[in-house]
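*Asks:* Any chance you can model this:
(chains A, B and C)
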Amino acid sequence: MQRIGVFVCHCGSNIAATVDVSKVAEMALMEPGVAHAEDYQYMCSEAGQAKIAAAIQEKGLTGIVVCSCSPRMHEATFRKAAERAGLNPYMVEIANIREHCSWIHKDMEEATKKAVILMRAAVAKVNLNTPLQAGESRVTKRALVIGGGIAGIQTALDIADAGYEVDIVEKTPSIGGRMSQLDKTFPTLDCSACILTPKMVEASAHEKITIYTYSEVEKVSGFVGDFTVDIRRKARSVDMNKCTGCGVCQEKCPSKKAPSEFNRGLNTRSAIYTPFAQAIPNVPVIDREACIKFRTGKCGVCSKVCQAGAIDYEQKDEIITEKYGAIVVATGFDTIKLDRYDEYAYSQSKDVITSLELERVMNAAGPTHGHLERLSDGKAPKEIVFIQCVGSRCADDRGKPYCSKICCMYTAKHAMLIRDKYPDVNVTVFYIDVRTPGKNFDEFYRRAVEQYGVNYIKGQVGKVIPKPDGKLLVQGSDLLDNRQILKEADMVVLATAIEPNPDVRKIATMLTASIDTNNFLTEAHAKLRPVESPTAGIFLSGVCQGPKDIPETVAQAGAAAVKAIGLLAKDKLMTNPCTAHSDELLCNGCSSCENVCPYGAITYEDKEVNDHGIRETRRIAVVNNALCQGCGACTVACPSGAMDLQGFSNRQIIAEVDAICR
Amino acid sequence: MQELINRAKELLADGTVARVLGWKAGDLPYNPEPAYFETAEALEDFVYNGFCGANLSKYMIEASKMEGKTMVCLKPCDTYSFMQLIKEHRVDREKAYIAGVGCKGKLDIEKIRARGIRGIESIEGAELTDDAETLKIQTIYGEKSLAYADGMLERCHVCKGKEHVIFDEQIGESKETKDAERFGEVERIESLSPEEKFSYFQSELGKCIRCNACRNVCPACSCRKCVFDSNKFDSSQKANVDSFEEKMFHIIRAFHVAGRCTDCGECSRVCPQGIPLHLFNRKFIKDIDELYGEYQAGADIDSKAPLTDYTFEDAEPSIVGKRG
Amino acid sequence: MPLEKKEFKPKIVAFCCNWCSYAGADLAGSSRLTYPADVKIIRVPCSCRVNPMFILRAFEKGADGVIMCGCHPGDCHYSTGNYYARRRMTLLFSMLDYIGVESGRTRVEWVSAAEGVKFSETMNSFVEKIYSLGENVRLGDLRCKN
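*Replies:* Below is the predicted model of the structure:
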């Protein structure tokens, strides 16, 4: 039996004016388990807390009920006071007789009756409280960043600058990501490479950063502060330590027909390659599917020309296992496939290209060496049509329901750059809306229209028809003038929707990080915790969380880094003791709880149990208290009642219900 | 049936299985009972007839812990229960050799009795092949006859189909028996006024003696220890303390199996008080089908159960009042 | 002699999630937005913590109405809790309706921490509904009623 002390607060007149506090204290003494009751003007004051401490010591109290303001206000205060007096803080419960009673009722008798009932419910609960201990778990002071684009690089730099080790895992042979494929950036028209490559170099030279390119995360186990990750380093077929990056192998390689991923397949590359000249690391990989040596066994030219003897055809994939305290996801995006948008003739005409392809066309290192030309015949275009929202803001299931956010701005950029460099080229943009919320963004768009004479038409394009003479017939509508438009164009550029990197689903599953219907990773809170995943220790950087441009990505990357640093700076994590707990003798092993847990905190183990003399191995739910956040979803999913929540147990809540309905 | 016995003998003889889980004749012509057979001699008592309604899948929870494989005879509807038990990790697929036995509808002795047929000595037409259209029943009052379909269990009139969803081999033929709407009775009750609904369930549930037969036979009620037997909710009472408790028990039981109940109908079949307990489960099934998309528990191994799943656009609970 | 007719004072249990609805109730309190004292709030971490057993237990012990409040769908502190709660309560309430318990005795409302007004309005309308339905005689132990 508990020895419970009930402390009724007057809160000046806030409570005492409508609730007969001494009556509540008097009634409390009639409740089972109550050994002491008193009322006082301000329970939260020093003097009030001293009264609680004194009663704990003098009367040997095992539990406390404070009838006062909302627990959201002073529960922590009273728990600390109890702890200082030697009582477990989780033996304290609050009856909210201010916000839920005295402040909303006028009639003293009625309010007092209600206050008594609320007191009874709290006493009934405390009768079933048990001391709870916050657990501790250690923190490995190392972070993993998945993805080596601008988001990943920035996050890694920020974490490393704070003094923590960071590993970047990048799937492709070089870091740099999408930003390395861009020509210029809005709204300042900086050269993308000029601002990105210094960051790449800084990351690779940083003593706290280790970069694993051509590598993928294979397995993740553990939890916040203590993740264990297997990283697969794919066989490069080139010894990273020996290669000097001279590039002779790429020049001499006889197999040059593989489509260049970096140039979006617009031209080809050799079988041994670095994606682009400024690649980091500047060590090529052999594409084993394109390599003659690997296909036929005959060739070996690269090995012969390599002065450093770095070519290693025997190299195998390697698995590295490393421990991390925090993981940042920065997997970025790709453009959607256009196979469901056949009306734009993307698959039929080489002169219909995506905006990302146009970036490569405009780039000096691209397939046309920066000359704006038609990819079908190399002729200079005179008439270019841009089509906005291809697959974005799409009502049906062909495209994406969301706005890709960056297209309005990069299209204005493209239009402006073209008009600047080739004033004789006419540029027309078909748009649904022009969205330019961002610093200096609307000014930028207006310059495209007003200074550069880009022709913006509000309306959608229904069809693009390739004509026998090589021109493209664009059928659209002008909603403002309410007329149909037929326009001949030499090139059509599609502002293709972006989507999260398709690999993110696999990664999210490994991390038990939640993902929305569009494959964007979900934030812990859309407004208040936008760079954290609901899964503790997982942080979100860049477009994997939602569409954003470069400045936003960099800002979010820094925010994710700060959150990760905040975690790494701790030596130990205190875990919330109000977590779920599975009674192994009652657990059926049915997985219902596991299926509803948003944190991946429940796993199943084959465990030997002794059920009243029956010894057998059973499949049993085990809750990881470092991951569990205490929502209780599992407790209701569990049919047998094996799963219960400490601090809000089934019996405690039933006791409250009974007390209220008594 | 002979084919089934022969096959069972073969599998016992070649060591594929250590035992056979089927039915043996009871002391009356219409009450065969589930039984294990470990030898060819023991199989002499094996029966499979129109009264073998018992769903044997739940016995596999215990049989999964025994040495060696068990040949288990499962009717098409029973295989759904078995699949659901695999999904919930309650049985070991590797420990079962599933004989998917044919089914031509199973008989309900209570229905036959309800026709005024009492003092039954023997029943012809239900013994071996079940494909008779008419039952010839010898009673102490003389011979009576009854159309086979008129003696069938309610569940067979709304049969899910005669396909086994999981099996190692199929033995015997099946015959379609569905001739009624599955949700007909649920819809009838839904259309009543609150007063009528309440008095209907009050009179039905008032009969409940809390014998737990429904719980014990239910393949979805596979908890090691029922919440009503544990102290986890302060709800452990054997007898009903008050008139609400039988309602509480049956609502919670139906809720706990919602999305997991395959609608096998065993609860109603075994209820000694004749309470149509399946009407609770079927109400949940109907609601789930209407609100969250058609779902058949036990039809597959991968789908998410409706209560451990959600969509952003799910109906709000206020739909209950709006539907009337 | 007929039993003396007592004035009907309903017992109403409100389950409120800690992060939104309980805070909404606090805001209603600090804004002095009144609602009848018949409502008693039980704090739970999340609407997904509410077991149908609790609701039936409340009715068994004499509650005349039970209301559950949680964060708006999409705003759950635990991201998905209220989605599960929504399905559970929809099915449970539908079952109660099916056995003849008036659907007005059960309700779910999504109330955010900023919606003190909504909390108060919700409670006022719910209590009004319970008064119109009168005493709950269909659930609960009839022997305890008079």
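*Asks:* so does stretch A:540-556 get close to chain C?
*Replies:* No - against chain C, stretch A:540-556 shows no contacts by Cβ under 8 Å from any Cβ of the partner chain, the least distance being 13.4 Å. For every residue, glycine as well, the C-beta is placed using N, CA and C.
*Asks:* May I have the distance across that stretch, first residue to last?
*Replies:* By Cα to Cα, to the nearest Å, the extent of stretch A:540-556 from end to end equals 8 Å.
*Asks:* buried set for the helix or strand encompassing C:Thr122?
*Replies:* Assigned by DSSP states H and E, C:Thr122 belongs to helix C:116-133. With burial defined by 16 or more other Cβ atoms under 10 Å in any protein chain shown, the residues of helix C:116-133 counted as buried are C:116, C:118-123, C:126-127, C:129-131, C:133.
*Asks:* And for residue 107, the neighbour number?
*Replies:* Let's take chain A. A:Asp107 has 11 neighbours, counted by other Cβ atoms under 10 Å in any protein chain shown.
*Asks:* wrong one, chain C
*Replies:* Residues lying near C:Arg107 (other Cβ under 10 Å) number 23.
*Asks:* In terms of helices and strands, where is it?
*Replies:* If you go by DSSP H and E, C:Arg107 is part of strand C:106-110.
*Asks:* What's the mean pLDDT across that strand?
*Replies:* For strand C:106-110, the per-residue pLDDT values average out at 96.
*Asks:* name the helices or strands packed onto it?
*Replies:* Secondary-structure packing of strand C:106-110 (3 or more Cβ pairs under 8 Å, 6 or more residues apart in numbering or on different chains; DSSP states H and E): strand C:65-70, helix C:81-98, helix C:116-133.
*Asks:* Would you mind getting the angle between it and strand C:65-70?
*Replies:* 20 degrees (axes from the mean of the first three to the mean of the last three Cα atoms, to 10 degrees).
*Asks:* residues in contact with the residue in the stretch 1-150 of chain B that chain A sits nearest to?
*Replies:* Nearest residue of the stretch 1-150 of chain B to chain A (Cβ to the nearest Cβ) works out as B:Glu88 at 4.0 Å. The contact partners of B:Glu88, by Cβ atoms under 8 Å, 6 or more residues apart in numbering or on different chains, come to A:588-592, B:222, B:260.
*Asks:* With secondary structure, pLDDT and distance to A:Gly297 as added columns, please give those in TSV.
*Replies:* Compiled in TSV, the contacts of B:Glu88 are given as follows (DSSP: H, G, I helix; E, B strand; the rest coil; pLDDT from 0 to 100; distance: Cβ to Cβ, whole Å):
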residue	secondary structure	pLDDT	distance to A:Gly297
A:Asn588	coil	92	57
A:Gly589	coil	93	52
A:Cys590	coil	92	54
A:Ser591	coil	92	49
A:Ser592	helix	93	55
B:Ser222	coil	90	59
B:Arg260	coil	95	57
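*Asks:* What is the nearest of those to C:Ile41?
*Replies:* Closest approach to C:Ile41 among the contacts of B:Glu88 (Cβ to Cβ): A:Ser592, at 28.5 Å.
*Asks:* Just list the residues touching the closest residue in space to A:Asn576 that isn't next to it in sequence, thanks.
*Replies:* Nearest non-adjacent residue to A:Asn576, counting by Cβ to Cβ, 6 or more residues apart in numbering or on different chains: A:Gly630, 5.7 Å away. Applying Cβ under 8 Å, 6+ apart, we find A:Gly630 in contact with A:576, A:578-580, A:645-648, C:45.
*Asks:* re earlier: mind putting the contacts of B:Glu88 into a markdown table with neighbour count?
*Replies:* Output for the contacts of B:Glu88, formatted as a markdown table (neighbours: other Cβ atoms under 10 Å in any protein chain shown):
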| residue | neighbour count |
| --- | --- |
| A:Asn588 | 22 |
| A:Gly589 | 20 |
| A:Cys590 | 27 |
| A:Ser591 | 18 |
| A:Ser592 | 25 |
| B:Ser222 | 22 |
| B:Arg260 | 27 |
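*Asks:* any weak-confidence spans in chain B?
*Replies:* Along chain B, the parts satisfying pLDDT under 70 run over B:127-131, B:235-243, B:324.
*Asks:* Around chain A, pick out the residues from it.
*Replies:* Proximity of chain B to chain A (Cβ under 8 Å from any Cβ) is limited to residues B:65, B:88-90, B:222-227, B:230-235, B:256-257, B:304-305, B:307-309, B:312.
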